[in-house]
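Colleague: Structure of the sequence below:
(chains A and B)
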Amino acid sequence: MIIGNTKPLEQILSMVEPFDRIVVAGCYGCVTVCRVGGDKEVQVLASALRLARAAAGRPLDVREVTLERQCDPEYVETMRPYVGDYQGVLSLACGAGVQFLAERLTASPILPAIDTTFIGVTERQGEWAERCQACGDCVLHTTGGICPVTRCSKSIFHGPCGGSMSGHCEIAKEVPCGWQLIIDRLRALGRMDQYEKLRPLKNWRSSRDGGPRRIIREDLTQ
Amino acid sequence: MKAGSNLEKVLAAGQFAVTAECGPPRGADAEEVRKKTKHLLGHVDACNVTDNQTSVVRMSSMAGCLILKECGLEPLMQMVVRDRNRIALQSDVLGAAAMGIRNLLCLSGDHQTFGDDPQAKNVHDIDSIQLIQLVRTMRDEGRFPSGKELKGAPRLFIGCAANPFADPYEIRVPRLALKVAAGADFVQTQCIFNMAKFARYMEDVRKRGLHEKVHILAGLTPLKSAGMAKFMKSNVAGMDIPDEVIKRISAADKKDQPEMGIAMCVEMIDQVRKIEGVRGVHIMAIEWEQKVPEIVARAGLLPRPVAP
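Modeller: Numbers count the residues shown, from 1 in each chain, chains lettered A, B, ... in the order given. Got it, this is the predicted structure:
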């Protein structure tokens, strides 16, 4: 899922500073699961904003809503009937959701309440970690199911580099070396034959480097 | 001859090669480079010029190499894939070769978190092994990796680094084999302090016959003090300094520690020369280039051969 991190309250307060009436909009998708943008977080943030603004002598009228998803038009449209009554929308969705609100609800300023950080997993309660960079050209079948692009700090394809020590990456002791993980896994699977192969230069066109990406599925667009 | 560099000729003639390293200054003063060059001239077969090592901004490696060349010292250009994508790498390979640089060392580069600009975006479009392959393709096939033809193939003697001490050990020799398969002509190892482990590594290298396919130069760094040894042990990625090495230099009086460091380095040169498959030494005297002549002399490696 897409993981996010709540922005500091001071930053959010300064974003909404010009406004007296706003919508705080959550999303039941990924941000609910990683607990930064579901209805609970909407309530908490709305209350914090109301309290802070009341204390500052400029009360803020906040409408709370959580959409099924902010990245699908049908759910975004549910906001249209009332969004014009407010001066702006503070979205707790990922960057995709924030932008989709902005492009469909064109008359309203849309503000991000979270920083979208990565595509990752819940390693344990309260701890998330990155697993995928969405490079668009998956090689996991050759690397024991561990991604060199994401898990290696240098995204190298023939690792590990000379900085791998005792299983950790040269950048920090708490960062596991991605290539140590790959090798451990290949060995456990009896697939070390995969290691000693020269890999061609990666085609980054399928990644962000090819420009903003789009997928058109003719079978679904008909 | 693939590139016709002095280093290539020395190695091809079966002579025990000596290279050193020169870190360019943190500024635009060419005189700083010339000063280091004077110490090394006539004492080494080629001299590496580092490429923003530890991600600290310095004068570019190519510029440093050209200053060395002006002074009559053969440059060995280091090139990391951290800061340049394949377009910039190919362009610099052509530029370096056009200016008469004949040796190139292909490296990953330390992560940018180590330097003064940890906020920088890193590139890593290709990795160091793919850089070896890229240069080899340009040199030997006269074409770019894209397949397009190039005019004037870059004559470069292609090197790579190897760290026998990084983990996991089991892939250290296979990874060297990958570099050889990609087209490496020579290898310079990480600084060796753990001689037993290096000897074991070389044994595994010989088992695969890699010592016959690539020229291996053993990397050595003279310690200036016990403090330096301790600092390197705990702060430099991929460095293996056994406790007995630290104990030995610590046992000397502080004022005698530099001399002890040099004596230990000379001893280690003698030791690596006896290891089958080691074809030379790469002396990394960090900000201590002036000691290289003494080290090379005491190791009995002077005069350096004059390449035909």
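
Colleague: OK, contacts around A:Pro176?
Modeller: Neighbour list for A:Pro176: A:151, A:167-169 [criterion: CB atoms under 8 Å, 6 or more residues apart in numbering or on different chains]. Placement of C-beta: from N, CA and C, glycine included.

Colleague: ok, and which of these reach chain B?
Modeller: A:167, A:169 (CB under 8 Å from any CB of the partner chain).

Colleague: Tell me the residues of chain A that contact chain B?
Modeller: A:153-167, A:169-172, A:177, A:180, A:183-184, A:187, A:195-196, A:198-199, A:201-202, A:204.

Colleague: Only the buried residues of the helix or strand B:Ser250 falls within, if you could.
Modeller: Here B:Ser250 sits within helix B:243-251, counting by DSSP states H and E. Using 16 or more other CB atoms under 10 Å in any protein chain shown as the test for burial, helix B:243-251 gives B:245-246, B:248-250.

Colleague: do the same with stretch A:82-96
Modeller: In stretch A:82-96, counting by 16+ other CB under 10 Å, buried: A:83, A:86, A:88-94, A:96.

Colleague: in the stretch 201-308 of chain B, which spans are strands?
Modeller: B:215-220, B:278-283 (DSSP state E, counting those that start in this stretch).

Colleague: Return the most buried member of those.
Modeller: For those, the largest average neighbour count (mean count of other CB atoms under 10 Å in any protein chain shown) is found in strand B:278-283, namely a mean of 26.

Colleague: which helices and strands does that strand pack with?
Modeller: Secondary-structure packing of strand B:278-283 (3 or more CB pairs under 8 Å, 6 or more residues apart in numbering or on different chains; DSSP states H and E): helix B:6-12, strand B:17-22, strand B:186-191, strand B:215-220, helix B:257-273, helix B:292-298.

Colleague: Which among these is found nearest to B:Asn85?
Modeller: strand B:186-191 (24.7 Å; CB to CB).

Colleague: Next, the angle strand B:17-22 makes with that closest one.
Modeller: 60 degrees (axes from the mean of the first three to the mean of the last three CA atoms, to 10 degrees).

Colleague: Geometric centre of chain B: which residue is closest?
Modeller: B:Gln188 (4.8 Å; CA atoms, centre = their mean).

Colleague: show me where chain A has strands.
Modeller: All strands of chain A, identified by DSSP state E, fall at A:2-6, A:21-27, A:61-67, A:88-91, A:110-112, A:114-124, A:127-132.

Colleague: got the residues of chain B near chain A?
Modeller: Contact residues, chain B versus chain A (CB under 8 Å from any CB): B:82, B:86, B:108-111, B:113-114, B:122, B:124-130, B:133-134, B:145, B:161-163, B:166-168, B:170-171, B:174-175, B:177-178, B:181-182, B:190, B:237-238.

Colleague: From those, which land in helices?
Modeller: B:86, B:128-130, B:133-134, B:174-175, B:177-178, B:181-182 (DSSP state H).

Colleague: okay if I get those as JSON lines plus neighbour count, distance to B:Ser55 and pLDDT?
Modeller: Formatted as JSON lines, those follow (neighbours: other CB atoms under 10 Å in any protein chain shown; distance: CB to CB, whole Å; pLDDT from 0 to 100):
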{"residue": "B:Arg86", "neighbour count": "20", "distance to B:Ser55": "20", "pLDDT": "98"}
{"residue": "B:Ser128", "neighbour count": "28", "distance to B:Ser55": "15", "pLDDT": "98"}
{"residue": "B:Ile129", "neighbour count": "25", "distance to B:Ser55": "20", "pLDDT": "98"}
{"residue": "B:Gln130", "neighbour count": "24", "distance to B:Ser55": "20", "pLDDT": "98"}
{"residue": "B:Gln133", "neighbour count": "26", "distance to B:Ser55": "24", "pLDDT": "98"}
{"residue": "B:Leu134", "neighbour count": "23", "distance to B:Ser55": "22", "pLDDT": "98"}
{"residue": "B:Pro174", "neighbour count": "16", "distance to B:Ser55": "28", "pLDDT": "96"}
{"residue": "B:Arg175", "neighbour count": "23", "distance to B:Ser55": "22", "pLDDT": "97"}
{"residue": "B:Ala177", "neighbour count": "19", "distance to B:Ser55": "28", "pLDDT": "98"}
{"residue": "B:Leu178", "neighbour count": "21", "distance to B:Ser55": "25", "pLDDT": "97"}
{"residue": "B:Ala181", "neighbour count": "15", "distance to B:Ser55": "29", "pLDDT": "98"}
{"residue": "B:Ala182", "neighbour count": "23", "distance to B:Ser55": "24", "pLDDT": "98"}
